[in-house]
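Asker: here is my input; please provide its structure:
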Amino acid sequence: MAPKTKKIELKRNKENSFGFALKGISGNGKSLEIITNVKKEAAAKGLSDSWQLIAINGSPISNKTHSEVLSLIKANKKKVILKVQE
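Answerer: Residues are numbered from 1 along each chain as shown. This is a model prediction of the structure:
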């Protein structure tokens, strides 16, 4: 069975956060971005800890560094659409 993916739209909260953190894991020339520390408002939209981030606003992140991924997320002033894999 193929891994399940979903798109989740998140808006910045009062703390100017999207309600999650990322952990970058490098190995074999690839970097994986894992969702961590999911807050209540992000969980209510369907996001969960330990899921892999696949794309930001429709742009794949497979060839991006952890810093580049963080910059892409931070560049969104009000909302971001994440594609994640369970």
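Asker: and residue 81, what does it touch?
Answerer: Going by CB atoms under 8 Å, 6 or more residues apart in numbering, residue 81 touches 7-10, 56-58. From N, CA and C alone the C-beta is placed, and that goes for glycine too.
Asker: again, 10 Å this time
Answerer: 7-10, 55-58 (CB atoms under 10 Å, 6 or more residues apart in numbering).
Asker: give me the buried subset of the residues you listed.
Answerer: With neighbours counted by 16 or more other CB atoms under 10 Å, the contacts of residue 81 contain buried members at 8, 10, 55-56.
Asker: from those, pick the one nearest residue 85.
Answerer: Using CB to CB, the shortest approach to residue 85 within the buried ones among the contacts of residue 81 belongs to residue 55, at 9.9 Å.
Asker: follow-up on the earlier one: go through the contacts of residue 81 and flag which are in strands.
Answerer: Cross-referencing these against strands under DSSP state E gives 7-10, 55-56.
Asker: tell me which element the residue most central in space within the chain falls in.
Answerer: Taking CA atoms, centre = their mean, the centroid of the chain lies closest to residue 53, which sits 4.5 Å from it. In the assignment (DSSP states H and E), residue 53 maps to strand 52-56.
Asker: which neighbouring elements make contact with the next helix or strand after that strand?
Answerer: Tracing the chain past strand 52-56, the next element assigned as helix or strand by DSSP H and E is strand 59-60. Strand 59-60 sits against no helix or strand, with contacts defined as 3 or more CB pairs under 10 Å, 6 or more residues apart in numbering; DSSP states H and E.
Asker: got any ranges where the chain has weak pLDDT?
Answerer: Applying pLDDT under 70 to the chain flags the ranges 28-30.
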